[in-house]
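Participant: following is a predicted model, sequence given first.
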Amino acid sequence: MNLRLCILSVLFSSSLLGQQIDRDSKPIQVVTPEIYAGVNSLSDGVLSRFHLQHQFGLAIGRYHTDESAAWTRRITAPKTGVAFYYTDFGVSHKLGAAISAMPILEFGLFNQNRLRMQAGLGASFHTKKYDFKTNPDNHAISTRINWAFRWYVYYRIFSAKHIDWRIGGGYAHHSNGHTRLRNRGLNSFFLGISADIKTKKANKKISSYQKPLSEHDETKAYAYLESRLGLGQNVLSTTYNHRQPVYAFSAEYGKVYHNTFKVGIGLSYRFYKQYYEYIETGQFLVRKGEEFSRFRDNPFVYASNITLILHGEVLLNHVGIDADIGYNLYKPAYKIDWRLNGGWEDTPKEIPENWILGEYNTIFKLKYRIATRLGLKYYMLGTAKTPPHNFYVAAHINANLGQADFSELSLGYVYSFK
């Protein structure tokens with residue numbers, strides 16, 4: 001399922017490249033070669049083991065200069081496309097390299113074009129992965145196909161006729177979404193240079209502009225109701241390293257502003273088969289006299305999770321780029337998860353008396369309460385026409401704060417009060 005989710009996210013790139021434009025507009029076709037150097041960081045956010053990394057990229061896309069869509073007016077000088085990257089992680093015999101493909105969205109910051117931000121989410125193929133016998137030191141990656149995410153900022157230093165030379169840098173992440181352990185993930189920080197090479201001269205100057213607002217944009221924000229059914233996968237620990245489903249349902253209410261920015265609040269419910277199986281089969285930490293023995297009174301309830309969510313999304317007609325941050329109102333079995341994974345590695349099924357389990361420290365408290373979610377949606381009907389009924393398919397990676405929890409494929413329905 002992790003492979004299908006990653007591939008689905010990359011396929012969204014065709015939709016980003018294929019957004020409808022006005023016939024009279026002249027989008028700037030652009031090719032962007034990039035080269036970077038950087039260092040890695042462990043998934044716990046502590047910089048260590050500084051190994052010089054290299055990244056080479058090629059992005060193919062276009063600037064949207066038309067005024068027919070609300071999102072091209074509201075987002076400064078937007079560029080969409082698909083990008084390909086080769087990353088050498090600096091420790092070839094252990095971490096190897098990654099080949100990534102992802103749809104990207106880039107736009108100007110502070111209503112101008114010299115300083116720009118880019119975000120991308122897709123898939124990566126890794127040449128090295130964890131193996132108990134042949135590669136035991138690679139705790140970062142244990143599957144060939146993984147999620148890939150990047151968040152970069154660019155600054156244009158000078159321009160030629162058809163080329164913008166830019167310095168830039170940012171953050172890149174690779175992980176399998178907790179579908180197999182070990183999975184600390186690869187987190188890198190890069191600095192480098194890129195060249196925006198335009199293959200067609202623009203009919204309008206891209207830099208330092210704000211699109212005029214149409215009469216449609218002046219209309220008030222409209223409300224919506226949304227519900228979603230999701231199916232995810234994850235594992236519990238290195239000892240319980242078999243994938244199990246995560247069933248998810250959410251409902252939310254919110255508003256769409258200028259037919260581009262979507263903000264909502266809601267509740268989500270999740271049921272973790274991993275937690276249920278651990279409790280139902282009477283594993284060590286739920287046995288009589290152990291810390292979680294009471295969980296056996298109702299395994300279904302204790303394997304459940306209820307989260308209050310705040311949702312944000314950018315609507316690009318058929319494509320939505322969204323992120324959630326939530327507060328877990330109820331997730332009791334995560335304490336089992338933390339006990340098994342937050343202390344010594346490879347906690348066995350039969351836990352010795354002197355074994356160090358995860359402690360309930362500040363990091364635990366943050367991950368226990370804060371849930372995050374990032375992904376892409378594809379709407380059956382374009383949101384530009386604000387249809388009253390719409391459906392979407394989506395691929396997301398869910399996390400406990402910044403640590404992967406599970407990968408998810410979902411179906412959703414949106415009703416708009418328009």
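Facilitator: Ah, there it is. Numbers count the residues shown, from 1 in each chain.
Participant: centroid-nearest residue for this structure?
Facilitator: By C-alpha atoms, centre = their mean, the chain has its centre lying nearest to residue 374, at 3.7 Å.
Participant: next up, the contacts around that residue.
Facilitator: Going by C-beta atoms under 8 Å, 6 or more residues apart in numbering, residue 374 touches 121, 149, 322, 323, 324, 396, 397, 399. To be clear about C-beta, it is placed using only N, CA and C from the backbone, and glycine gets the same treatment.
Participant: isn't the first one right up against residue 376?
Facilitator: Yes. Residue 121 sits in contact with residue 376 when judged by C-beta atoms under 8 Å, with a separation of 6.1 Å.
Participant: contacting residues around residue 327?
Facilitator: By C-beta under 8 Å, 6+ apart, residue 327 lies in contact with 307, 308, 369, 370, 371.
Participant: quick check: bridge partners of the first one?
Facilitator: The reference is to residue 307. Residues in a beta bridge with residue 307, per DSSP bridges, are residue 268, residue 328.
Participant: what's the neighbour count on it?
Facilitator: 24 (other C-beta atoms under 10 Å).
Participant: picking up where we left off before, make sure the residue nearest to the centre of the chain is indeed in a strand.
Facilitator: Yes. Membership of residue 374 in a strand is supported by DSSP: H, G, I helix; E, B strand; the rest coil.
Participant: quick one, helices of the stretch 301-418 of the chain?
Facilitator: 334-341, 362-369 (DSSP state H, counting those that start in this stretch).
Participant: now do the chain
Facilitator: All helices of the chain, identified by DSSP state H, fall at 2-17, 70-74, 273-280, 299-302, 334-341, 362-369.
Participant: am I right that residue 371 is in contact with residue 326?
Facilitator: Yes. Counting by C-beta under 8 Å, residue 371 touches residue 326, with 3.9 Å between them.
Participant: list the residues that contact both of these two?
Facilitator: 307, 309.
Participant: hmm, back to that, tell me the spacing between the residue nearest to the centre of the chain and residue 145.
Facilitator: 18 Å (C-beta to C-beta, to the nearest Å).
Participant: where in the stretch 201-350 of the chain is pLDDT low?
Facilitator: Scanning the stretch 201-350 of the chain for pLDDT under 70 picks out the ranges 201-219.
Participant: and the protein, what are its domain boundaries?
Facilitator: Residue ranges for the domains of the chain, per automatic domain parsing: 2-198, 219-417.
Participant: quick one, strands of the stretch 51-200 of the chain?
Facilitator: Using DSSP state E, counting those that start in this stretch, the strands of the stretch 51-200 of the chain run over 53-63, 79-88, 97-108, 115-126, 145-159, 163-175, 186-198.
Participant: in stretch 142-151, what's buried?
Facilitator: Neighbour-count burial for stretch 142-151 flags 142, 143, 145, 146, 147, 148, 149, 150 (criterion: 16 or more other C-beta atoms under 10 Å).
Participant: once you drop chain neighbours, what's closest to the first one?
Facilitator: Read it as residue 142. Spatial nearest neighbour of residue 142, chain neighbours left out: residue 130 (4.1 Å); criterion: C-beta to C-beta, 6 or more residues apart in numbering.
Participant: if I pick that neighbour, what's in contact with it?
Facilitator: 136, 138, 139, 140, 141, 142, 182.
Participant: reformat the residues you listed as JSON lines; add distance to residue 347 and pLDDT.
Facilitator: JSON lines is the format used below for these (distance: C-beta to C-beta, whole Å; pLDDT from 0 to 100):
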{"residue": "136", "distance to residue 347": "17", "pLDDT": "85"}
{"residue": "138", "distance to residue 347": "20", "pLDDT": "83"}
{"residue": "139", "distance to residue 347": "15", "pLDDT": "82"}
{"residue": "140", "distance to residue 347": "19", "pLDDT": "83"}
{"residue": "141", "distance to residue 347": "21", "pLDDT": "86"}
{"residue": "142", "distance to residue 347": "17", "pLDDT": "88"}
{"residue": "182", "distance to residue 347": "13", "pLDDT": "82"}
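Participant: any chance of the strands of the stretch 51-200 of the chain in TSV, plus distance to residue 365 and mean pLDDT?
Facilitator: Shown next, in TSV, are the strands of the stretch 51-200 of the chain (distance: least, C-beta to C-beta, whole Å; pLDDT from 0 to 100):
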stretch	distance to residue 365	mean pLDDT
strand 53-63	32	92
strand 79-88	33	93
strand 97-108	33	92
strand 115-126	28	92
strand 145-159	25	92
strand 163-175	23	92
strand 186-198	22	91
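Participant: distance to residue 241 added to these, as JSON lines?
Facilitator: Listed next are the strands of the stretch 51-200 of the chain as JSON lines, based on distance: least, C-beta to C-beta, whole Å:
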{"stretch": "strand 53-63", "distance to residue 241": "28"}
{"stretch": "strand 79-88", "distance to residue 241": "26"}
{"stretch": "strand 97-108", "distance to residue 241": "22"}
{"stretch": "strand 115-126", "distance to residue 241": "18"}
{"stretch": "strand 145-159", "distance to residue 241": "16"}
{"stretch": "strand 163-175", "distance to residue 241": "15"}
{"stretch": "strand 186-198", "distance to residue 241": "19"}
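Participant: how close does the residue nearest to the centre of the chain sit to residue 349?
Facilitator: Applying C-beta to C-beta, the value for residue 374 to residue 349 is 33 Å.
Participant: pull out the buried positions in stretch 272-283.
Facilitator: For stretch 272-283, a neighbour-count test (16+ other C-beta under 10 Å) marks 272, 273, 274, 275, 276, 277, 278, 279, 283 as buried.
Participant: do stretch 410-418 as well
Facilitator: By 16+ other C-beta under 10 Å, the buried positions in stretch 410-418 come out as 410, 412, 414, 416.
Participant: what's the pLDDT at the second one?
Facilitator: What it means is residue 412. Looking at residue 412, its pLDDT is 97.
Participant: what's the neighbour count on the nearest residue to it once chain neighbours are set aside?
Facilitator: Leaving out its chain neighbours, the residue that sits closest to residue 412 by C-beta to C-beta, 6+ apart is residue 228, at 4.0 Å. Using other C-beta under 10 Å, residue 228 has 21 neighbouring residues.
Participant: bridging residues for residue 228?
Facilitator: Legend: beta-bridge partners of residue 228 under DSSP bridges are residue 250, residue 412.
Participant: about what we covered before: what about the residue nearest to the centre of the chain, distance to residue 60?
Facilitator: Going from residue 374 to residue 60 by C-beta to C-beta gives 23 Å.
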